[in-house]
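*Asks:* The sequence and its predicted three-dimensional model are supplied below.
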Amino acid sequence: MLPNRNLRLMLASVAFIGLSGPAFALDGADLVTKLNAAYAPSGATVAYENVAVDGSTVTLTGVSVKSAAAPDKAFKVGDVTLEGVEESDNGGYYVETVTLPDVDVTEEDTAVTAKDITIGGLSIPGNPAGGTINDIVLYESAGAGPVTVSVKGKQVFSMEESAANLTKQESDAGFDFDATLSGIKADLSNVEDAKSKDAIEKLGLTTLSGEMTMKGSWEVASGNVALEEYAFDFTNVGRLALSLDFSGYTLEFMKSVQEAMKAAETNPNKEEANQAMGLSMMGLIQQLTFNSASLRFDDATITKRVLDYIGAQQGVTGDQLAQSLKGMVPLMMAQLNVPELQNQVSTAVNSYLDAPKSLTISAEPASPVPLPMILGAAMGAPNTIPSVLGVKVTAND
C-alpha cells in the first residue's frame, strides 16, 4: 500500500506543477512592451538586448532609453533587475523592487556618478489608454545613494541621498507625494569669471551645504495639484519655500500635454512645431484654475552680507544702503499704480531690512481664478492682478 500511496502523491505533485506552471510564468518581453506603451505619449522608448526570467525575477541586459527628441541617440543604462514581479488584475505588472546599475558617465570635462539607484513598488498598467490612476506608471518609492559631479577632475557637487515616495489615497482618488535630497554640497571656488568669483568669496558662498524637500498631493477627478512645499534650505544662506495650488491637471490634460510635446519633438520643421505647440498650450491652459500660491524666504545671515557687499561697491555701509532702499521702494511701487500693495510692500520691506528674519509673498483669491482670466488681466490691466489674486506681502511673521 505504501508504494502505491507514494506513487499517487508523486503523480498529484507532477499534475499540480504542470497546471500551475503557465499561470505563474512571467513574460519579460510583454512587461517591457507594456512599459513602452505607457511611456509612448511622452516619446520615451525602452530597449534591451536580452531578457531572462527566473521565478519572479526578470533581468534585462543591455537596457537603453531613447526619446522622440533624439531618436538617433540612446542613453545606455546597462543591466536592470526587477524582483518580486507579478501580473496585476488589470493586465499589467507590479514590481516589488527595480535595481538599476550605478551611473558613471563622463562627457568632455564633466563626470557624473550615482550609486544605489532603486525603485520600489513599480506599477505598469495593462491599458495605458484608460482613465484611472491605475492606468499610468506609478511607483511607491524611489531613491539613490551618493551622487557626485566633477569638472576637470574636481568635485563641484555632491549629494548623500535622495528619496521619494508616492502613496495612493483611499478609493484610488489620487496620491500624496514627498521627496528629499539630503546632504547637498556645492563647491563654487572654481568659478572662472573674476566678478562672480569676487562676489562668491565676499558673500561667503564658496561652499554651500543643505537639502531640498518637497511635499504635496494630486487628486485625479478634479486635477487638483497641491504642492504644499518645495523648499531649498542652505546653511548660512536661508530657506526658500514655494507652495502652489491649482486645479484642472486631470489625466486627460496630462495626456494632451504629452501628445502635444511628442508631436512637436517628431516634427522636423521646428518653427512649425513651436507654433503648433504654442497653440496647443494656449488651448490647454484654459482648463487650469489658480487656487493659491506663496513664496517665503527665511534668512540665515545672507541678507546682511548682500547689503554689505553691494553697499561697499557704492561706497556706503550695509546699514546706509538699507535706509536708502527704504526710501526707494515706495517710489518704485507708486509707478505700478497699486496703492494697497504699495503700502504692504513698503511696510514689509522696512520691517525686513531693520531685522531680516522672513519675507513672504502670498496669493490667495476669495475664490478660484481661471488661468485665462489671469492672462487677460496681465495683458489688459496688469495693475489689477494683485486684487484679482489676493496678493499680500508680509515680513518677519
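*Replies:* Everything's here; your move.

*Asks:* could you measure the closest residue to residue 368 other than its chain neighbours against residue 370, distance?
*Replies:* Nearest non-adjacent residue to residue 368, counting by C-beta to C-beta, 6 or more residues apart in numbering: residue 289, 4.6 Å away. The way it works is simple: take the backbone N, C-alpha and C, and place the C-beta from them, glycine included. Counting by C-beta to C-beta, to the nearest Å, the gap from residue 289 to residue 370 is 5 Å.

*Asks:* How about residue 77?
*Replies:* From residue 77 to residue 370 the distance is 42 Å (C-beta to C-beta).

*Asks:* And for residue 27?
*Replies:* Relative to residue 370, residue 27 is positioned 47 Å away (C-beta to C-beta).

*Asks:* Name the residues of stretch 112-126 that come out as buried.
*Replies:* 113-114, 117, 119-126 (16 or more other C-beta atoms under 10 Å).

*Asks:* What average pLDDT does it get?
*Replies:* The average pLDDT within stretch 112-126 is 96.

*Asks:* again with stretch 306-315
*Replies:* Confidence for stretch 306-315, expressed as mean pLDDT, is 96.

*Asks:* Send me it as CSV with only the CA atoms.
*Replies:* Only the C-alpha atoms of stretch 306-315 are listed here, as CSV (Å, rounded to 0.1, in the frame of the first residue of the first chain):
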residue,chain,number,x,y,z
VAL,A,306,24.4,91.1,0.5
LEU,A,307,23.7,94.6,1.8
ASP,A,308,27.3,95.0,3.0
TYR,A,309,28.7,93.7,-0.4
ILE,A,310,26.5,95.9,-2.6
GLY,A,311,27.0,98.9,-0.2
ALA,A,312,30.8,98.6,-0.4
GLN,A,313,30.6,98.8,-4.2
GLN,A,314,28.6,102.0,-3.8
GLY,A,315,30.9,103.5,-1.1
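
*Asks:* mind listing what's buried in it?
*Replies:* Neighbour-count burial for stretch 306-315, counted by 16+ other C-beta under 10 Å, picks out 306-309, 311.

*Asks:* Equivalent analysis for stretch 158-165, please.
*Replies:* Here stretch 158-165 shows 158-159, 161-162, 164-165 as buried, counting by 16+ other C-beta under 10 Å.

*Asks:* Any idea how far it is from the middle of the chain?
*Replies:* Chain-centre distance of stretch 158-165: 13 Å, with C-alpha atoms, centre = their mean, to the nearest Å.

*Asks:* contact partners of it?
*Replies:* Contact partners of stretch 158-165, identified using C-beta atoms under 8 Å, 6 or more residues apart in numbering, comprise 140-149, 177-185.

*Asks:* now with 10 Å?
*Replies:* 113-114, 116-117, 119-121, 139-150, 175-187, 209, 211-212, 214-215 (C-beta atoms under 10 Å, 6 or more residues apart in numbering).

*Asks:* longest strand in this structure, by residue count?
*Replies:* Longest among the strand segments of the chain by residue count, using DSSP state E, is strand 70-87.

*Asks:* For the buried residues of stretch 158-165, which two are the farthest from each other?
*Replies:* The span of the buried residues of stretch 158-165, defined through C-beta to C-beta, is set by 158 and 165 at 22.9 Å.

*Asks:* What about the closest residue to residue 143 other than its chain neighbours? Give its phi and psi, please.
*Replies:* Distances taken as C-beta to C-beta, 6+ apart put residue 163 closest to residue 143, at 4.4 Å, once the chain neighbours are dropped. Dihedral pair for residue 163: phi -150, psi 140, per degrees, to the nearest 10.

*Asks:* Need the pLDDT of residue 163.
*Replies:* 97.

*Asks:* do you know how far it is from residue 178?
*Replies:* As for residue 163, its distance to residue 178 is 9 Å (criterion: C-beta to C-beta).

*Asks:* one step back: as a markdown table, the buried residues of stretch 158-165 with distance to residue 241 would be great.
*Replies:* Shown next, in a markdown table, are the buried residues of stretch 158-165 (distance: C-beta to C-beta, whole Å):
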| residue | distance to residue 241 |
| --- | --- |
| 158 | 23 |
| 159 | 19 |
| 161 | 21 |
| 162 | 19 |
| 164 | 18 |
| 165 | 19 |
